[in-house]
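Asker: Sequence and predicted structure, then a few things I'm wondering about:
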Amino acid sequence: MSNDTLPFRPAGDLQAGIRRLANAVRALSMDAVEAAKSGHPGLPLGMADAATVLWTQFLKFDPRDPAWPDRDRFVLSAGHGSMLLYSLLYLTGYPGITLDNIRRFRKVDSPCAGHPEHGAIPGIETTTGPLGQGIANAVGMAIAERILNARFGDGLVDHKTYVIAGDGCLMEGISHEAISLAGHLKLNKLVLLYDDNHISIDGPTSMADSTDALKRFEAAGWNARRIDGMAAAEVADALTWARSSDKPAMIACRTIIGYGAPKKQGTQKAHGEALGPEEIAGARKALNWPYDPFIVPDDIMADWKSVGRRGASLRDAWLKRHDSAAPDLRAAFDMLQKGDVPSSVTDALDALKKKVSAEKPSVATRKASEMALEAINANWSVTIGGSADLTPSNNTRTKDFKDIVPGDFSGRYIRYGIREHGMAAMMNGMALHGGVVPYGGTFLVFSDYCRPSIRLSALMGVRVIFVMTHDSIGLGEDGPTHQPVEHLAALRAIPDLRVYRPADAIETAECWALALADHKHPSLLALTRQNLATLRTTHTQENLCAKGAYELAAAANARVTLLSTGSEVELALKAREILATDGIAARVVSMPCWELFEQQSATYRDSVLGSGMKIGIEAGVSFGWDRYVGQSGRFVGMHSFGASGPYKDVYNHFGITPEALAEAAKSALKA
């Protein structure tokens, strides 16, 4: 269906009419920053005209239903200019934001945080602030739109993604990764408005950058043009051009940062601090805005409310198309939007567990992950896989998948190229868009490249699954540059991220089930390169990993509890046998997900950890293990970077062996 909106027609001259509405955005923005005595007034004052043209003439939205699936997405990548977004949401009538919230901008009890936070106010499509992230999120949203359009057609899915980005967004490396993939895929439903104000915090951007942004975007496969971003007619013409583009479109909007502030406009002084009473008084005069702080006159407010109502008929028409769609098509669409794991996936994973426990294969958990994905992907079309150019190593592409390519989005696999950071942020955007559950792979050591995006996944609480293979010194010959030793500890330090490190193929299937069912947290699977034995040979339907840790091997009158994760659980079981020959009874506890374990009751945690001596073993650094082994316990693991060599030799070199674990236990008991 057409993406046309019902544009609001300001009375009289377009420039004057848009400026009149835009000045309400400017006034609210500078007043809120002044009241907070902190913030970033420059972008809202400079981009208010362009944003007003977009929201009044082009953007498809309906505040009555902020989550309407076929709405256009609007992303403020330059999240420091958050008052631009808050003003637009308030003026157009979105629920969840009041004038009092704006008055209390940047206060703890206000949803109007310093940078936009997804979930705080309906209409905030993503959390932005770390520059460049919003661009990559927007690319992910545009990818998700094309995937769903390929399945359900224009009648149910036909919308655009608009993103406002600044100089800082374009300087950040993540923008290069996202822009190049967007151009490669010809995402012509994506429009980027570049706030080309030539100013950053330090001063003129010419001090640090001389890139020709238009040539850069064109080289990446975009259509691009430069306009006066404060001329309403030029903005409208450019957006009309962008909507018919055969490629993603970039519009460089030449603006004046802090427009209206008599002394600070056009300078870095307008970027990141309150303007001050004198400058605000001068701006009010320059903008012909003689109203008290936070006052929007009734006639201007009425016009903005009309803007908010203009999408209602489009949404109503979409609802009619949705309700009249073929029952199977409508049911499939609604199922993907809801995103609940179907019973067929649960049954397939249970069947896989049963098969593995009977056949007892020795496989790497990266291979076990592929086995789980074969069961998942065959039974649930919501999953969209990918890898940062490590598909054969990550085992993320199942046999029934075909690639997503330019002009054909009917596939379910994305070749992200060597763009780990961009991949992670694009997956965030896909998850935020809805209708898909993205997962993507790289090596665990390269989680460092992904970390800012993973952190934002956790901050937003989105269902993204990071498949990180080659999870320890067990990758062997590639050596310390590729052997993660500090990464598990660093990732576990991120609040609300679920880090799973399964010990065998059965735990891998269980961890995948948990990750898929978790709507509120991102998950990271740390998987081995080396083969691991099947440790659980008796089938149970219960997901033992669901509590984060459990007793894998019991012992009567145990004096020692061996705590471990992943590939080292097998070593712990062998150490238990060694200790038994010396008359020392030892239990083995597998701890695939610390975060889930911490959610359990104190009674359960105490029962799992036991009362005897505790020894931890993991092929990583000890950080975090003290909470489980205590002051009297021991840790067997890494205390330095790794080394290059066959993985068994590397384990021996660093003393991560059953024998060393048994000796550590005996030493601790003697102490």
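Answerer: Yep, it's here. Numbering: from 1, shown residues only.
Asker: who's in contact with residue 95?
Answerer: Listed by Cβ atoms under 8 Å, 6 or more residues apart in numbering, the contact set of residue 95 reads 63, 66, 122. For the C-beta atoms, the positions are set from N, CA and C on the backbone; glycine is no exception.
Asker: Tell me how far it lies from residue 182.
Answerer: Residue 95 sits 32 Å away from residue 182, going by Cβ to Cβ, to the nearest Å.
Asker: Could you rank the contacts of residue 95 by neighbour count and give me the top one?
Answerer: Ranked by neighbour count (other Cβ atoms under 10 Å), these have residue 63 at the top, with 21 neighbours.
Asker: ok, now which ones touch it?
Answerer: So residue 63 contacts 89, 92-95, 122-123, 308 (Cβ under 8 Å, 6+ apart).
Asker: Just the buried residues out of these, in PyMOL syntax.
Answerer: Buried residues within these, by 16 or more other Cβ atoms under 10 Å, are selected in PyMOL with:
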select buried, resi 89+92+93+94+122+123+308
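Asker: Give me the nearest residue to residue 357, chain neighbours excluded.
Answerer: residue 539 (4.3 Å; Cβ to Cβ, 6 or more residues apart in numbering).
Asker: Could you check what's spatially nearest to residue 84, not counting adjacent residues?
Answerer: residue 44 (3.9 Å).
Asker: now for the chain, which residue lies nearest the mean position of the chain?
Answerer: residue 428 (2.9 Å; Cα atoms, centre = their mean).
Asker: Test my guess that it contacts residue 128.
Answerer: No. Under the criterion of Cβ atoms under 8 Å, residue 428 makes no contact with residue 128, lying 10.7 Å away.
Asker: okay, and the common contacts of those two?
Answerer: residue 137.
Asker: which residues touch the residue nearest to residue 584 when sequence neighbours are not counted?
Answerer: Using Cβ to Cβ, 6+ apart and skipping the chain neighbours, the partner closest in space to residue 584 is residue 559 (5.7 Å). Contact analysis of residue 559 by Cβ under 8 Å, 6+ apart lists 584-586, 612-613, 669.
Asker: Repeat that for residue 572.
Answerer: Counting by Cβ under 8 Å, 6+ apart, residue 572 has contacts 562-564, 588, 617, 658, 661.
Asker: Most neighbours among those, which one is it?
Answerer: In the contacts of residue 572, the most neighbours by other Cβ under 10 Å go to residue 562, 33 neighbours.
Asker: That residue falls within a helix, correct?
Answerer: No. Secondary structure of residue 562 (DSSP: H, G, I helix; E, B strand; the rest coil): strand, not part of a helix.
Asker: Give me the mean pLDDT for stretch 378-395.
Answerer: Stretch 378-395 carries an average pLDDT of 98.
Asker: Check which residues of it are buried.
Answerer: Buried residues in stretch 378-395 (16+ other Cβ under 10 Å): 379-380, 382-391, 393-395.
Asker: From residue 546, how far off is residue 220?
Answerer: 44 Å.
Asker: In terms of packing, which of these two has more residues around it?
Answerer: Taking other Cβ under 10 Å, residue 220 and residue 546 do not tie; residue 220 has more neighbours (20 against 16).
Asker: need the contact list for the more buried one.
Answerer: 179-180, 182-183.
Asker: Please identify which pair of those lies farthest apart.
Answerer: 180 and 182 (7.3 Å; Cβ to Cβ).
Asker: Between those two, which contacts overlap?
Answerer: The contact lists of residue 180 and residue 182 share 220-221, where a contact means Cβ under 8 Å, 6+ apart.
Asker: More neighbours: those two, which one.
Answerer: Counted by other Cβ under 10 Å, residue 180 and residue 182 do not tie: residue 182 has more neighbours, with 30 against 20.
Asker: The more buried one is in what secondary structure piece?
Answerer: Here residue 182, judged by DSSP states H and E, is contained in helix 173-185.
Asker: next one: residue 427
Answerer: helix 420-433.
Asker: Okay, now the unreliable bits of this structure?
Answerer: By pLDDT under 70, the low-scoring segments of the chain are 1-6.
Asker: Restrict stretch 475-491 to CA atoms and write it as CSV.
Answerer: The C-alpha coordinates for stretch 475-491 follow below in CSV (Å, rounded to 0.1, in the frame of the first residue of the first chain):
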residue,chain,number,x,y,z
LEU,A,475,40.2,-22.5,20.5
GLY,A,476,43.9,-23.3,20.4
GLU,A,477,46.3,-22.3,17.7
ASP,A,478,44.9,-18.9,17.0
GLY,A,479,46.5,-17.8,20.2
PRO,A,480,46.0,-15.0,22.7
THR,A,481,44.7,-12.4,20.2
HIS,A,482,41.7,-14.6,19.7
GLN,A,483,41.5,-16.4,23.1
PRO,A,484,39.0,-14.7,25.4
VAL,A,485,40.0,-14.8,29.0
GLU,A,486,38.5,-11.7,30.6
HIS,A,487,35.4,-11.6,28.4
LEU,A,488,33.0,-13.8,30.4
ALA,A,489,33.6,-11.7,33.5
ALA,A,490,33.2,-8.4,31.5
LEU,A,491,29.9,-9.6,30.0
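Asker: Not counting that stretch itself, show me its contacts.
Answerer: So stretch 475-491 is contacted by 443-445, 447-448, 451, 454, 470-473, 497, 499, 501, 524, 526, 529-530, 565, 618-621, 623-624, 638, 640-647, 650 (Cβ under 8 Å, 6+ apart).
Asker: which ones among these are found in strands?
Answerer: 443, 499, 524, 526 (DSSP state E).
Asker: Okay, residue 434 and residue 88: tell me how far apart.
Answerer: Look at residue 434 and residue 88: by Cβ to Cβ, they are 22 Å apart.
Asker: Could I get the buried residue list for the helix holding residue 182?
Answerer: In helix 173-185, counting by 16+ other Cβ under 10 Å, buried: 174-183, 185.
Asker: nearest to residue 321, of those?
Answerer: Proximity of the buried residues of helix 173-185 to residue 321 (Cβ to Cβ) peaks at residue 185, which lies at 26.4 Å.
Asker: who's in contact with the closest one?
Answerer: 143, 146, 404-406.
Asker: If we use 7 Å, what do you get?
Answerer: 143, 406 (Cβ atoms under 7 Å, 6 or more residues apart in numbering).
Asker: cool, and residue 265?
Answerer: With contact set as Cβ under 7 Å, 6+ apart, residue 265 has these partners: 256-259.
Asker: Just the closest of those to residue 202, please.
Answerer: Of the contacts of residue 265, the one sitting nearest to residue 202 (Cβ to Cβ) turns out to be residue 257, at 13.3 Å.
Asker: Can you show me the helices along the stretch 151-300 of the chain?
Answerer: 167-171, 173-185, 213-219, 232-243, 277-286, 298-309 (DSSP state H, counting those that start in this stretch).
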